[in-house]
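Participant: mind looking at a prediction? Sequence and model below.
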Amino acid sequence: MYHAIVRRNLRNSFADVNRGNYAAIVRQFTPDAEHWFSGAHALSGGRDTAEQIQRWYDRLAEVMPDLRFELKKVVAKGWPWDTVAFAEWVDHLTDREGNRYSNQGVHVVRIKWGKITELHIYCDTELLESVLDKLGEQGVGEAVATPVGSPGPFREARVGR
């Protein structure tokens, strides 16, 4: 029963993202949560404060205002004090010129007593980087900005690009 609740909550969280309700997402994190996105781009790197996590979601909303997720699988394992959940997804978005893009990936979520302590996001980062570069060319400055929080381990390769 507990794992069904976790899976439902994750589905509801993705529905909140699809509605642009990022405030509901940010409230789910513990104050010392780790929020990490793979790659070397404006959304990559790690955040470990509530303020940084809020800024990251503000950036996401600005860069990809029509971002929508389609969940493929949601799996949860563990006890209420140490749960790991995986959400496999396909996303869809449109750039400022009307070009459509889609990516696929997975969220790995660690939960303790109903609050997110870790979120790691993995996707096709080469594709995402190309979309962000295109958005930057279209005048979306946040799409090519320095990551919020600590840069990912490969950020140095793209600085000044």
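Facilitator: Done, it's in.
Participant: residues in contact with the residue positioned nearest the centre of the chain?
Facilitator: With distances taken as CA atoms, centre = their mean, Ile121 lies nearest the centre of the chain, 5.7 Å away. Counting by CB atoms under 8 Å, 6 or more residues apart in numbering, Ile121 touches 36-38, 105-108. Quick note: C-beta positions are derived from backbone N, CA and C, even for glycine.
Participant: is it in a bridge, and if so with what?
Facilitator: Bridge pairing for Ile121 (DSSP bridges) gives the partners Phe37, His107.
Participant: the longest helix in this protein is where?
Facilitator: helix 2-18 (DSSP state H).
Participant: which residues are contacting the helix or strand where Tyr101 lies?
Facilitator: Assigned by DSSP states H and E, Tyr101 falls within strand 100-112. By CB under 8 Å, 6+ apart, the residues outside strand 100-112 that reach it are 6, 10, 30, 80-95, 116-124, 127-128, 131.
Participant: what subset of those residues is buried?
Facilitator: The neighbour count (16 or more other CB atoms under 10 Å) marks 6, 10, 83, 85, 87, 89, 91, 93, 95, 116-119, 121, 123, 128, 131 as buried among the contacts of strand 100-112.
Participant: in helices, which of the residues you listed appear?
Facilitator: Those of the buried ones among the contacts of strand 100-112 lying in helices (DSSP H): 6, 10, 128, 131.
Participant: how about a markdown table for those, with distance to Glu142 added?
Facilitator: Shown next, in a markdown table, are these (distance: CB to CB, whole Å):
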| residue | distance to Glu142 |
| --- | --- |
| Val6 | 32 |
| Leu10 | 26 |
| Leu128 | 14 |
| Val131 | 13 |
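Participant: next structured bit after the longest helix of the chain?
Facilitator: helix 22-26.
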